[in-house]
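**Q** Below: sequence and its predicted model.
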Amino acid sequence: MVKIRLLITSDSHGQWQQHPDIPDYSLKNTAQLIKKLKKDAIKTLQFDLGDFIQGSAMTSYTSQVSKSATPFARMMNELDYDYQIIGNHEFNYGMNYQNSALDILNAKILCSNIVEKKTNKPYKGRAYDVIEIDGYKIGIIGATTHYIPHWELPENYEGLIFLDAFDTVKKYAQFLRPQVDLLVVAYHGGFEADLDSGEALEALTGENQGYKMINEIPEIDLLLTGHQHRQICQSFNHSFVIQPGYGGEKVGEVIVSLADGQSPIIEGRLLSFTSCQPIEDISALEPEYTQSIHWLSEVLGNAPIRTTTRSLHQARIEGHPFAEFLTRLMLLETGADFAGVSLLNEHFVEFQGNVTRGDLLTIYPYYNQIAFSQVTGQDLYDMMEHNFAYFIYDFQGNIIVNPSYIHPKPKHYNYDLYTGLKAEVDLNQPIGKRIIKLTEEKTQKEIDKQHFYHLALTQYRAVGGGDYSMFTKKKIVNMIDKDMVQLIIEGLKEMTDLQWMLVNNNYSHIEWTPFTKN
């Protein structure tokens, strides 16, 4: 019997300085864990499932200042990865930035369903690989969520076609199965349905197709997944599935035992990076690592926020000056009637007093351009009905988060706070029938469902991200050539005392109907 080990990371998002949710830990701890695991004699194949060059303060430095993602690729080479899958966030900063990393990787890039228009061949690397270990053949197919064009700016994937991931994997699985003893699919995508019940967990857009793959492609022995930042490790019917969280917080370890005439025996576990000290040698990340620390320490300005609210949940219910600051900047930049934005994490409270670049990129870690869209009043009502599905009343009449926004994956970023638009909301009513009235604040007129209005949103939301189906690319009039972080930096320098007073005193735009017992 031959034993083969697979080590899996995914969605590391360049968190080499600090994991956003686990203080004092980072990918340096993950790197030490990987090195420790590889010291024994078991033959090991190492996979990264993508999203490794975007999503942290350091990646903001490399994308905006050094204009190159090479330090992340150098570190992947240092850790001796065998296979790399392309993630959706690899496209955020354009092809040149992406290529600066992918083109110097030692790992084999597997990319079955992203193809060049001109050649219909994989954009990078190959569709699959077949290797032999101690007489046993292993087939490995790589795939990426094909939903990328739905979110991404066209210039960031020019010349590429995104084939349906399920259809592509099925085609190659049927081709490879007769040739191999073990078939592995490495997929930057997750599960659209509950693995136990089969119940849909989200709108079936094609963004995540892991359940369909493992349920309808019997040729697959092992499905490695990512994208959703979930922690999953379990058998499923004839197969095994795993997903190792994000930011390096877990390393997936799968042990496969192969023997003649027998089906593979597969066992797995998720190992925590908190079990290891950080590696000391990070020379592969230099000089960008140190340069980014100096860049992040720069004070950008002073934010005279005046509020005692420290609870993220309470801020989402009542509104908050930080959200008001963002939406007012969006209105000033676009001239829209209304603007909406999400409070992304609990670090929003740090936007007070002197704000460093590092503070800002912790508070708002994503790259999001601003869209100026034309929508109908009916769209606004539909938007708000979907938005307020985020909340429910508990039995005591407290406003709590709808559990579907917490499990199986937290989706708090799909709730927005708006400026210019007053919403009267009754959570006693069923989802979809909660908006009593929407009022345009500057005119004090009720929103006319037949009338057209202009709305400023982040790029992600404006194309329908978060299942906001009333928003589409066709409704975008134009994109503002600034991202949210750039807009915030300018606002810190240019906001007047009067504007700050309005931010601090006019941030509540929701009127809640009191709880009524049934």
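**A** On my side now, so go ahead.

**Q** Dump stretch 310-324 to CSV, restricted to CA.
**A** What follows is stretch 310-324 as a C-alpha-only set of coordinates in CSV (Å, rounded to 0.1, in the frame of the first residue of the first chain):
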residue,chain,number,x,y,z
ARG,A,310,-18.6,50.6,19.5
SER,A,311,-20.8,47.7,18.5
LEU,A,312,-20.8,46.7,14.8
HIS,A,313,-24.3,45.1,15.2
GLN,A,314,-25.6,48.3,16.7
ALA,A,315,-24.0,50.4,14.0
ARG,A,316,-25.7,48.4,11.4
ILE,A,317,-29.1,49.0,13.1
GLU,A,318,-28.7,52.7,13.9
GLY,A,319,-26.3,53.9,11.3
HIS,A,320,-22.8,55.2,12.1
PRO,A,321,-20.8,58.3,11.2
PHE,A,322,-18.1,56.2,9.5
ALA,A,323,-20.7,54.8,7.1
GLU,A,324,-22.2,58.3,6.7
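
**Q** tell me the mean pLDDT for it?
**A** The pLDDT scores in stretch 310-324 average 97.

**Q** ditto for stretch 230-245
**A** Mean pLDDT, computed over stretch 230-245, is 97.

**Q** any low-confidence regions in the protein?
**A** 518 (pLDDT under 70).

**Q** Could you list every helix and strand in contact with the top helix by length along the chain?
**A** Looking across the chain with DSSP state H, the single longest helix is helix 321-334. Other helices and strands packing on helix 321-334, by 3 or more Cβ pairs under 8 Å, 6 or more residues apart in numbering; DSSP states H and E, are strand 338-341, strand 369-376, strand 417-419, strand 452-458, strand 476-483, helix 484-494, helix 497-505. In short, each C-beta sits where N, CA and C put it, glycine included.

**Q** What about the closest residue to residue 506 other than its chain neighbours, how many residues nearby?
**A** Residue nearest to residue 506 in three dimensions, not counting chain neighbours: residue 324, with 6.9 Å by Cβ to Cβ, 6 or more residues apart in numbering. When neighbours are defined as other Cβ atoms under 10 Å, residue 324 has 24 of them.

**Q** how much space between residue 324 and residue 314?
**A** Residue 324 sits 15 Å away from residue 314, going by Cβ to Cβ, to the nearest Å.

**Q** just residue 270 next, same as before
**A** Separation of residue 270 from residue 314 (Cβ to Cβ) stands at 33 Å.

**Q** okay, those two: which has more neighbours?
**A** Shown here are residue 270 and residue 314; by other Cβ under 10 Å, residue 270 has more neighbours (17 against 12).

**Q** The helix or strand encompassing residue 254 - contacts with which helices or strands?
**A** Using DSSP states H and E, residue 254 maps to strand 250-258. Under the contact criterion of 3+ Cβ pairs under 8 Å, 6+ apart, strand 250-258 touches strand 2-9, helix 27-37, strand 222-225, strand 239-244, strand 265-272.

**Q** what's the angle from that strand to strand 239-244?
**A** Angle, strand 250-258 to strand 239-244, by axes from the mean of the first three to the mean of the last three Cα atoms, to 10 degrees: 160 degrees.

**Q** what does strand 250-258 contact?
**A** Residues from elsewhere that reach strand 250-258, judged by Cβ atoms under 8 Å, 6 or more residues apart in numbering: 1-10, 30, 33-34, 37, 42, 136, 181-182, 221-222, 224, 231, 233, 240, 242-244, 264-273.

**Q** Cool, thanks, talk later.
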